[in-house]
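> sequence plus the predicted model coming up.
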Amino acid sequence: MENLILESVKVMIVGMSTVFAFLCFMIWFLKAQGWLLTRFFPQAKHTTTAVADLKISDATLTKVVLAAIDEYKKKR
């Protein structure tokens, strides 16, 4: 009986160590992959304009909303 318990503990330790080693390797591999991709294929810088910076009059906004509603009604 003691032999079976010791054997199961050994199998558990080997299994958990294998999973831990695999997860450590996977983390290292993904970090290396991310480093390589950002080094050789950098992301392009996007310039965005904030909506708050746009100056739209109420009349123009009303026209745009009404045109959008008309287009929606035509498609339905």
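Here it is on my side, so go on.
> from now on I want contacts and neighbour counts done on CA atoms only, so please keep to that.
Fine.
> any idea how far the most centrally placed residue in the chain lies from Ile27?
The centre of the chain sits closest to Gly34, judged by CA atoms, centre = their mean, with a distance of 12.7 Å. In this view, Gly34 and Ile27 are 11 Å apart by CA to CA, to the nearest Å.
> next: Leu36.
Counting by CA to CA, the separation of Leu36 from Ile27 is 14 Å.
> show me what the mean pLDDT comes to for the longest helix along the chain.
With secondary structure taken from DSSP state H, the chain has its longest helix at helix 2-40. Averaging pLDDT along helix 2-40 gives 96.
> which SSE is immediately downstream of that helix?
helix 58-75 (DSSP states H and E).
> can you show me the CA trace of that following helix as PDB?
Only the C-alpha atoms of helix 58-75 are listed here, as PDB (Å, rounded to 0.1, in the frame of the first residue of the first chain):
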ATOM      1  CA  ASP A  58     -25.800  72.400 -35.100                       C
ATOM      2  CA  ALA A  59     -27.300  72.900 -38.600                       C
ATOM      3  CA  THR A  60     -24.700  70.700 -40.200                       C
ATOM      4  CA  LEU A  61     -25.200  68.000 -37.600                       C
ATOM      5  CA  THR A  62     -28.900  68.100 -38.000                       C
ATOM      6  CA  LYS A  63     -28.500  67.600 -41.800                       C
ATOM      7  CA  VAL A  64     -26.200  64.700 -41.300                       C
ATOM      8  CA  VAL A  65     -28.500  63.000 -38.800                       C
ATOM      9  CA  LEU A  66     -31.600  63.500 -41.100                       C
ATOM     10  CA  ALA A  67     -29.700  62.100 -44.100                       C
ATOM     11  CA  ALA A  68     -28.700  59.000 -42.100                       C
ATOM     12  CA  ILE A  69     -32.300  58.500 -41.000                       C
ATOM     13  CA  ASP A  70     -33.500  58.800 -44.600                       C
ATOM     14  CA  GLU A  71     -30.900  56.200 -45.800                       C
ATOM     15  CA  TYR A  72     -31.900  53.900 -43.000                       C
ATOM     16  CA  LYS A  73     -35.500  54.100 -44.000                       C
ATOM     17  CA  LYS A  74     -34.800  53.500 -47.700                       C
ATOM     18  CA  LYS A  75     -33.000  50.300 -46.900                       C
END
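> good, we can wrap up now.
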